[in-house]
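K.L.:
I'd like to go over a predicted model; first the sequence, then the structure.
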Amino acid sequence: MKNYLPANLSPAQIERLQQLEQEFAELTGEPLVLIAYASRNDKTASSSSVQSTSILK
């Protein structure tokens, strides 16, 4: 994972990622955490990032 950094996500994107976590958790019956990474080689990647983690109950 050396070529990837946590993705720089907006609050709306983080919210959508959390919704997807919930949807996939319901489909699989298991708690899941989705993590977004951006390629270091991508010219739009930023050195500042927002990382989202959540625990599904």
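P.N.:
Arrived safely, thanks for sending.
K.L.:
how about whichever strand or helix holds residue 13: buried residues?
P.N.:
Taking DSSP states H and E as the criterion, the element that holds residue 13 is helix 11-28. In terms of neighbour count (16 or more other Cβ atoms under 10 Å), helix 11-28 has its buried residues at 14, 17, 18, 21, 25. From N, CA and C alone the C-beta is placed, and that goes for glycine too.
K.L.:
now, which of the residues you listed sits nearest residue 41?
P.N.:
Lowest distance from residue 41 to the buried residues of helix 11-28 (Cβ to Cβ) belongs to residue 17, with 22.2 Å.
K.L.:
just checking, the closest one touches residue 32?
P.N.:
No - between residue 17 and residue 32 there is no contact, the gap being 11.0 Å when judged by Cβ atoms under 8 Å.
K.L.:
where do the contact lists of the two overlap?
P.N.:
Overlap between the contact sets of residue 17 and residue 32, as judged by Cβ atoms under 8 Å, 6 or more residues apart in numbering, is nil.
K.L.:
Surely residue 33 is within a helix?
P.N.:
No - secondary structure of residue 33, determined by DSSP: H, G, I helix; E, B strand; the rest coil: coil, with no helix assignment.
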